[in-house]
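Asker: just coords:
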């Protein structure tokens, strides 16, 4: 992100590229979608997390969240991950109803934060990549708009405090 010398940059990625590794790490689950298998992000963020020993936290479904460094996530990592997870959940559901033949869905979040504590998020940009056959760009754009403007609670919460932008690309199989 050019021209922002006083900002730090981070990138968070959700991808369907390596589902076996993601499953083994316990971060993703498989779900059926129009006769294919799509990897879906699992994020369960309760109002209150229960701390355990060794920086291992559990959500309200006992799903582990490893918050050690450098191997685990930080609390700040969870914000763009939550945004991606919320948006993708909505988008995938809408595209399924539209009968779009999506075989893979990726999202990347680039974030810019202040250099000084508390390192507030200034910008988050989501880049979506849709892979499939005969995908309709207008229907994909509509699914993104519905998620960002109507259904995604994380997007609605952050909109007033953080500059949120998105774009997408379609990869035809």
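Answerer: Received, thanks. Given the structure is predicted, the values throughout are model-derived calculations rather than measurements.

Asker: what about the protein, any weak spots by pLDDT?
Answerer: Applying pLDDT under 70 to the chain picks out residues 1-55, 69.

Asker: hmm, 90 instead?
Answerer: By pLDDT under 90, the weakly predicted segments of the chain are 1-78, 81, 85, 104, 106-110, 173.

Asker: All the strands of it, residue numbers only.
Answerer: Using DSSP state E, the strands of the chain run over 7-14, 28-33, 36-41, 50-51, 56-58, 64-66, 101-114, 121-133, 163-172.

Asker: tally of neighbours for residue 68?
Answerer: The tally of other residues near residue 68 (other Cβ atoms under 10 Å) stands at 11. (Glycine included, C-beta is placed from N, CA and C.)

Asker: How about residue 107?
Answerer: By the measure other Cβ under 10 Å, the count of residues near residue 107 is 25.

Asker: Also residue 79?
Answerer: Neighbour count for residue 79, taken as other Cβ under 10 Å: 21.

Asker: For it, which non-adjacent residue is closest in space?
Answerer: Nearest non-adjacent residue to residue 79, counting by Cβ to Cβ, 6 or more residues apart in numbering: residue 121, 6.4 Å away.

Asker: next one: residue 103
Answerer: The nearest residue in space to residue 103 (Cβ to Cβ, 6+ apart) is residue 132, at 4.9 Å.

Asker: what's the spacing between the one you found and residue 145?
Answerer: 19 Å (Cβ to Cβ, to the nearest Å).
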